[in-house]
Structure formats: structure tokens, C-alpha cells
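Student: pasting the structure only:
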């Protein structure tokens, strides 16, 4: 029996921008054993309509500059906190829609929403401003600006996001609104629900601030529409593959600012201290959960874990514990849907790993059968492709000091390193990883949800958005 189609109006626009016609964008996911169909409704867009939308957003800039940053924090924080309130209709609608549109199980959707929305609260947003600019007053000119620095956000920001990790788009739009920049943001198709609901909550909370925000998806082939959007922006921010980022960069003029967040890979390292008998299973649980969160679709999800030999538990022992932990996490946080490409790559990688395991004593594999988790133990010499789903390669190393050279070939894409059993003896290895190019080194249990002020790909979340002015008086 076919499940009913869920339809969602996936846009939010400033007052005065009307939608006269819509089109359907199907989003199909399989959650558990039930086939579900979801349809995202989007406005019909042409270049003239896009120009009108951008005019309306740009007109909100003057009022934003007159406001205090603290008042913006208050409004954004009140909306963000609604997503953490179990009795709030906004959270309830989000949790009802996320499985169909983001391809997550219900349990995973709730866990991810809680982790992401924590960063949208008053407390976290104030801490973000303090970390990045020294407090909200740095963004306010007011009458008290006699001397010292002040920071200005872009006149108009256009952000284009990709992927299906829910919540990333909300965090991105919050950043630009915090610096008083009117924002048009295009979410990835799998992340259209949360930014739309956030914008609707903002409309109810603070209509004037909501007039500075447009949330709108358009298809990749809308070249003329996208050209208008890009041409009007003071700042263009793009998240996506390296190819998408470079393509967008080439379409931005030299007098416009551009920030690109390309393809990233995260890894893990496990030292001997985490492999002692009383600790090894806890280590395996932490690693398994880091892999499972976001169903390993996030840039912070580990794809390879390097395990130090010579401990109480061998890398092979650890891989076995890790497989048990992956099954345990599957029972608590069931995996969501795999699209066709993800399912194909998982099956191909499993098949290659099993063939290698049959002929090489250094290769070992366990997987969840119909559930999409896989653990492969293989040395650096074994060519096992990266499979879809919760797929993790465990690679033995004599010492963690060997890891920086192992990952040097992918240095341009390295981001987060999850750690367990790392102590003072490994300080030099961690320094070498930093020099190779990683931008974050944290315990596995902290991998999935970095704080809002983390140095995203090595740079602050707000400072790249800002233009600083220093004033000196006579």
C-alpha cells in the first residue's frame, strides 16, 4: 500500500512579494520498511520576479542598521528556542516533516534537531557574538561611536547551500542576520523544512526582521534566475562540492565578496589508552555514534578511523567491538533512507571488501545486512572504496604519529578529527595534523555538533562576513 504524499510549501518571503503559481518538486525517501513520498512546493520564478524579491530584501537594510544587534539576538533566540520546546507547534511540525524530506528516521530527526537548535538559543548567539566580535555593541553605530572599531555586514547576502543535513541552512541564515545583512538563502533540497519553518516563526515573532530574509529553493538549471540573484549580492556564500563552489566563484564579479565551503572529509584517531579493556567498548560506542549521526552525510562525520596497534585490544578487536556498537546505535537511532546512489555505493563497497577479506588476512568486514552500517578493517595498501550509509573504514597504524602522512594526500579536504585515547604523548602528532590542514580536533562525542563559534574550515563564522571600520578622534 502506497503511503500518502506529504506536501510542504518550502519558501518564506518578505511582505510584498507575492506567489502566483507553484510547481512540485518530488522528494522520495525510504524510511524503515515504509515507502514515503514527499513533495516540496516551490514558486514559479523568473528573472523579473527574482529582481523584485531582491529589491524588497535590499530595502530592509536601512532598518536593520538602526536596530541593535541585541534586539536581533532576542528575536532569533526566541524562535530558536521554540524548536527545543516539546509542546511547541513549530517543533512538532519539524519532527513530523523531517523524516520524509531529509530521509532520517524519527529518532534521528529528533536527535539532530536537538543538537542543531541548541545553537539557535539566546545564550549561544550571545556567546557567538562575544567570541567573534567582542560583543553585540561592535555591530551598533548608534550615537556612542566616538572612537574604536565597528563592524558592518554586507548590504545583501545570497547564500546557496547543498546537501541534506537538516539545520545547516538555519545556522547559515542566522549568521548573516546577526551581522545585519538582508539575506536570500537557497537551501539544499533535503534541508528545506527547517529554514522555512524558522523563517515563519520569525515572521510571527518579528515581522520587520523577517522582511530581511528570503528562503527559496530553485532548481540547478535556473541559470537566468540565479544570474540575477548572484549579480545583486554584495556577498555570495556557497556550500557544495568543489566543482559547484568553483563554478559559482567564476560567476561572481571581482567587486563582490565570495566565501566557499567545499567538499570536506573528517577522520578519527584512537590511541592505545582508549583500547584498555575497561575503556574499549565505550570508545567503540562513541565512534559508532559519531558515524551514525546525520547518517554519515555530514562533513563532521568520520569516514576513516586510524587505530594504534600495541594496546590491550588490537585494531581487529576494536573493529569487532565497533561493529557491535554500530548495531546497538542502529537500534537506538535507526538509519534513514539511502538514495539510489548511496545504496549502490554501499553494496559495491561491501562486495569489494568481502572479496578482499576472502583472500587477504589483513582485511575484515562486518555489516548490518539490510541495515546500512558497515565496518571494514583494512590496511593502507587495500583499495576499498568509500561506501554509502554508515560505512566506516578502520585502518591500523603502528603509532598515531603515522597518521599525518597517511592523510596528506587528502589535506585539501580535511576538516574534523575525532579523538580517543589521545594524551600528551601524542601532542606532536596532533600538531602535525593541524599543519597538514585539519581545522578541528575534538573527542568523538563532540564531533557532530560543534559550537556556533567554531572556526568553520579554519575561519570564524562571522568575521569573514564583516567589514571593519576603525575610527580615531582628534
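Tutor: Here it is on my side, so go on. Fair warning: this is a prediction, and the values are worked out from it, not measured in the lab.
Student: So which residue is smack in the middle of this structure?
Tutor: Here the mean C-alpha position of the chain is nearest to the C-alpha of residue 168 (C-alpha atoms, centre = their mean), at a distance of 4.5 Å.
Student: quick one, phi psi at the residue nearest to it when sequence neighbours are not counted?
Tutor: Leaving out its chain neighbours, the residue that sits closest to residue 168 by C-beta to C-beta, 6 or more residues apart in numbering is residue 191, at 6.0 Å. (Each C-beta comes from the backbone N, C-alpha and C, glycine too.) Backbone torsions for residue 191, taken as degrees, to the nearest 10, come to phi -130, psi 40.
Student: could you list every residue that touches residue 191?
Tutor: By C-beta atoms under 8 Å, 6 or more residues apart in numbering, the contact set of residue 191 is 102, 161, 163, 164, 165, 166, 167, 168, 169.
Student: From those residues, list just the buried residues.
Tutor: 102, 161, 163, 164, 165, 166, 167, 168, 169 (16 or more other C-beta atoms under 10 Å).
Student: Now the lengthiest helix in the chain: buried residues?
Tutor: The helix of greatest length in the chain, counted in residues with DSSP state H as the criterion, is given as helix 340-359. Of the residues in helix 340-359, those with enough neighbours to count as buried (16+ other C-beta under 10 Å) are 342, 343, 345, 346, 347, 349, 350, 352, 353, 356, 357.
Student: Take those residues and write them to CSV, including distance to residue 235 and pLDDT.
Tutor: Formatted as CSV, these follow (distance: C-beta to C-beta, whole Å; pLDDT from 0 to 100):
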residue, distance to residue 235, pLDDT
342, 33, 88
343, 38, 90
345, 35, 92
346, 38, 94
347, 42, 94
349, 39, 93
350, 43, 94
352, 43, 94
353, 44, 93
356, 47, 93
357, 50, 93
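Student: Of those residues, just say which sits nearest to residue 25.
Tutor: Nearest to residue 25 among those is residue 342, at 19.4 Å by C-beta to C-beta.
Student: how is the chain carved up into domains?
Tutor: 45-263, 265-446 (automatic domain parsing).
Student: which stretch among the ones you listed comes nearest residue 452?
Tutor: Shortest distance between residue 452 and the domains of the chain, using C-beta to C-beta, is found for domain 45-263: 4.3 Å.
Student: That closest one: end-to-end distance?
Tutor: 29 Å (C-alpha to C-alpha, to the nearest Å).
Student: Repeat that for stretch 455-474.
Tutor: With C-alpha to C-alpha as the measure, stretch 455-474 spans 37 Å from end to end.
Student: Give the residue spans of this protein that score low on pLDDT.
Tutor: Low-confidence segments of the chain, defined by pLDDT under 70, are located at 1-4, 28-37, 142-146.
Student: Next, the buried residues of stretch 239-259.
Tutor: Of the residues in stretch 239-259, those buried under the neighbour-count criterion (16+ other C-beta under 10 Å) are 239, 240, 244, 245, 248, 252, 256, 258, 259.
Student: Redo those as TSV? Include secondary structure.
Tutor: TSV is the format used below for the buried residues of stretch 239-259 (DSSP: H, G, I helix; E, B strand; the rest coil):
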residue	secondary structure
239	strand
240	coil
244	helix
245	helix
248	helix
252	coil
256	coil
258	strand
259	strand
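Student: Shouldn't residue 409 be within a strand?
Tutor: No. With three-state DSSP as the criterion, residue 409 is helix rather than part of a strand.
Student: do you know how far it is from residue 436?
Tutor: Applying C-beta to C-beta, to the nearest Å, the value for residue 409 to residue 436 is 10 Å.
Student: Could you do residue 95 as well?
Tutor: From residue 95 over to residue 436 the distance is 40 Å, taken as C-beta to C-beta.
Student: again, but for residue 166
Tutor: In this view, residue 166 and residue 436 are 31 Å apart by C-beta to C-beta.
Student: Check residue 39 too.
Tutor: Taken as C-beta to C-beta, the span from residue 39 to residue 436 is 44 Å.
Student: now swap in residue 391 and tell me
Tutor: The gap separating residue 391 from residue 436 is 23 Å, by C-beta to C-beta.
Student: Neighbour count: these two, which is higher?
Tutor: The residue with more neighbours, out of residue 391 and residue 436, is residue 391; 24 against 17, by other C-beta atoms under 10 Å.
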